[in-house]
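Trainee: only geometry, no sequence info:
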């Protein structure tokens, strides 16, 4: 089919053509970027924590009436309370193992230390999230040891909450080990925090930090485990149950702990949380954002489609007589159908070309304003195809109506 | 004339119900989405102390050692005890306050209540006056109480309701752990948004329940929390001398001259501390006012900003769509318009008629958008974010909604109306 008559006709409807093309361009720019943001949120929600999440729950509580930190004998008194709690939890039905911990992945609260390779290094090599727990912590969390050794009971120190002494041995995540000692084994190496030395005795495959940053980065996996039972005005425990027994164990926890020692406060909402609840809360905002973006995109596509239907219908109505003439001169129904389809393809094609420029521009602007990476070409390509398809789908109904115009129309006065 | 145009508009709507509905719906969706996100943004980026915020400033100093030093970097957000106390006692500003956050265990005197933890603020005396804190009963404490580490406290209305059944509790004792503090004041409802004076404890957090003099809290070793940055070794028991920034310092400076003088004073102070050997980094001071501080701290979540941009992009698409549809609609009526022109109506009155028609569509879209915005904000309030409960449409936003909808639809009607007025009446009459 010759494109010339189509172009000639389009030139007579400049304003309408430009408006449809502009609408398609804007829709493409916004939808591409929105889908890119949705994709990133999904990636983030799906990234692994490195722990065996099923059957884990976390208990956080505060002591009431315990001696002030730093008071003589405070560490001994509170440490015995912590160990009593660990015993209580371990004896609950269905519980497999228990460990004290300062935080867990996705939990929110975190303790970050700058790590250096020499004691007098000025700028730290990396900032790592510190997890503190006893020799049972790794097996309770289910993190996978890939080199060196796990902690033994002899490694574990009990330490005042405010004491920032380093234990002599630590275990690092693979990501941290590679950043600290690229292309060599980290086992046996010495690292420093605040100029104090410690030795790496083991390496775990994957362990996510406790703060969920907005976009996935390598630094989210820079983690260090210290064999320390923390003693302070509050304590936290991570509990692993046998499959299917988590709900029962969680329900029994509060009463069991209060029966053992009533001098405590366990928050009724956030005191006892399953890991599924922790994960849900950590990514709630991301999920909300992704859903919102998806809904807005969908409505925007519908509005654009409706606009194409409306304007094309108008054109069909306007050209009734011309269509009749063409039909009378021998054009088939399919010729008329194709005419409108090709016309739409040309308009949408122009819009998509402008849209790609806008989409890339919008992405660059978002990169400069917000923490956002460059958009892969894939998203733009998918967006282009989607909008061209949308245009074709939207134009079909008015185009078919046009193709049904009877040749007799040619004889009628307009 | 206007009512005649209105009548014509309604007649035209009846002729093209689907098209009219589509235009109204598109504007309603665009306006609804924009107003929902704009209201959230408006609430979150509001001025917590209108009329006063321009006189409140945050002095920043850089007392850190050379570790991780980067020229041109920002000084820490908070101050050390030594610097805080020095600047507090120098009294160079009209008012100054030094504070930190904490958690205290409240032991109710009634036996039917278990002990519970509440958030506390340990602050110096000027807090209440500087931040225009409303008091229901009693008053704040004085600088003398600060000096004497007086055992006094101010509590919020909600804690007063819980502990004392809402009666005037001034003079009563508040038991915090082992220590008894005399209640001197009860706050009226107060929730500045954002929680500007200590963003580290939650940008949109509620106000603390117990206020205690800073010196008293340190003397009683009440539990401290919030953000703390240290360099070199430290222990929390010796925070008064530790190389840690953990206190928020605010000053009130009633004129820009005073602010300039105070900034000069900060520079002098910083150089003096360098001469004394306490500071090692090159002098690096800042004095941001309240709104500047909120901006620097990027309190408004970037997700909220992104959503607002998205919504306005959506509105733009809806408007372009409406322009296209209106163009089609007006051009289709070329015959009718031609008759009116031939009967003597001027281009100007045709233009006015078509604009009235687009304004009516805008009004419909505005009402629809308002309903959608109410629904959208209701949805926002169901979310778990700390600011969710604040998402309400106020009078100014209500007005903005209508102006935006009307303005947008009239702008959308301009081009189609202008095009439709350009027709030659003779041609239209002939072809009919």
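Mentor: Received it, and whenever you're ready, just let me know what you need. These figures come from a predicted structure and were not determined experimentally. Residues are numbered from 1 along each chain as shown, chains lettered A, B, ... in the order given.
Trainee: contacts and neighbour counts: CA atoms only from here.
Mentor: Noted.
Trainee: ok, residue B:357 to residue B:20 distance?
Mentor: Applying CA to CA, to the nearest Å, the value for residue B:357 to residue B:20 is 10 Å.
Trainee: domains of the chain?
Mentor: In the absence of a named chain, chain A is used. Domain ranges of chain A: A:4-45+A:285-412, A:65-262, per automatic domain parsing.
Trainee: wrong chain, I was asking about chain B
Mentor: Split by automatic domain parsing, chain B gives B:2-45+B:300-431, B:53-296.
Trainee: and chain A, which of the ones you listed is closest to it?
Mentor: domain B:53-296 (4.4 Å; CA to the nearest CA).
Trainee: where does pLDDT dip in the stretch 151-300 of chain B?
Mentor: B:232-237 (pLDDT under 70).
Trainee: mind listing the helices for it?
Mentor: B:157-164, B:214-219, B:256-275, B:290-296 (DSSP state H, counting those that start in this stretch).
Trainee: so how far is the third one from its chain's centroid?
Mentor: In other words, helix B:256-275. 30 Å (CA atoms, centre = their mean, to the nearest Å).
Trainee: what do you get for the first one?
Mentor: Averaged C-alpha coordinates place helix B:157-164 at 27 Å from its chain's average position (CA atoms, centre = their mean).
Trainee: cool, the second one as well?
Mentor: Centroid separation between helix B:214-219 and its chain, computed with CA atoms, centre = their mean, is 31 Å.
Trainee: and residue A:242, how many neighbours does it have?
Mentor: By the criterion of other CA atoms under 10 Å in any protein chain shown, residue A:242 has 15 neighbours.
Trainee: and the gap between it and residue A:137?
Mentor: From residue A:242 to residue A:137 the distance is 16 Å (CA to CA).
Trainee: phi and psi next, for residue A:330.
Mentor: Main-chain dihedrals, residue A:330, degrees, to the nearest 10: phi 110, psi 0.
Trainee: circling back to that earlier point, single out the most deeply packed of the helices of the stretch 151-300 of chain B.
Mentor: helix B:214-219 (a mean of 20; mean count of other CA atoms under 10 Å in any protein chain shown).
Trainee: which other helices and strands does it contact?
Mentor: Counting contacts by 3 or more CA pairs under 8 Å, 6 or more residues apart in numbering or on different chains; DSSP states H and E, helix B:214-219 is packed against strand B:95-106, strand B:116-123, helix B:143-147.
Trainee: touching, residue B:227 and residue B:200? I think so.
Mentor: Yes: if you go by CA atoms under 8 Å, residue B:227 and residue B:200 touch, sitting 5.9 Å apart.
Trainee: what about the helices in the stretch 101-250 of chain A?
Mentor: Using DSSP H, counting those that start in this stretch, the helices of the stretch 101-250 of chain A run over A:137-141, A:174-180, A:246-260.
Trainee: now swap in the stretch 1-150 of chain B and tell me
Mentor: All helices of the stretch 1-150 of chain B, identified by DSSP H, counting those that start in this stretch, fall at B:2-15, B:17-44, B:81-90, B:127-130, B:143-147.
Trainee: any chance of those helices in JSON lines, plus mean pLDDT?
Mentor: Output for the helices of the stretch 1-150 of chain B, formatted as JSON lines (pLDDT from 0 to 100):
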{"stretch": "helix B:2-15", "mean pLDDT": "80"}
{"stretch": "helix B:17-44", "mean pLDDT": "86"}
{"stretch": "helix B:81-90", "mean pLDDT": "92"}
{"stretch": "helix B:127-130", "mean pLDDT": "92"}
{"stretch": "helix B:143-147", "mean pLDDT": "92"}
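Trainee: identify, out of those, the most deeply packed stretch.
Mentor: Highest mean neighbour count among the helices of the stretch 1-150 of chain B (mean count of other CA under 10 Å): helix B:17-44, a mean of 24.
Trainee: what helices or strands is it leaning on?
Mentor: Against helix B:17-44 (3+ CA pairs under 8 Å, 6+ apart) you get helix A:284-318, helix B:302-332, helix B:347-381, helix B:395-421.
Trainee: next, the angle from it to helix B:302-332.
Mentor: With axes from the mean of the first three to the mean of the last three CA atoms, to 10 degrees as the basis, helix B:17-44 and helix B:302-332 are set at 150 degrees to each other.
Trainee: angle of helix B:17-44 against helix A:284-318?
Mentor: Using the same axes, to 10 degrees: helix B:17-44 against helix A:284-318 is 150 degrees.
Trainee: ok now helix B:17-44, how far from the chain's centre?
Mentor: Centre-to-centre, helix B:17-44 and its host chain are 23 Å apart (CA atoms, centre = their mean).
Trainee: next, the angle helix B:2-15 makes with it.
Mentor: Using the same axes, to 10 degrees: helix B:17-44 against helix B:2-15 is 110 degrees.
Trainee: in contact with the closest residue to residue A:404 other than its chain neighbours, which residues are there?
Mentor: Nearest non-adjacent residue to residue A:404, counting by CA to CA, 6 or more residues apart in numbering or on different chains: residue A:333, 6.7 Å away. Neighbouring residues of residue A:333 by CA atoms under 8 Å, 6 or more residues apart in numbering or on different chains: A:327, A:403, A:404.
Trainee: I figured the first one hits residue A:409, correct?
Mentor: If I follow you right, that is residue A:327. No: the criterion here is CA under 8 Å, and residue A:327 misses it with residue A:409 at 9.1 Å.
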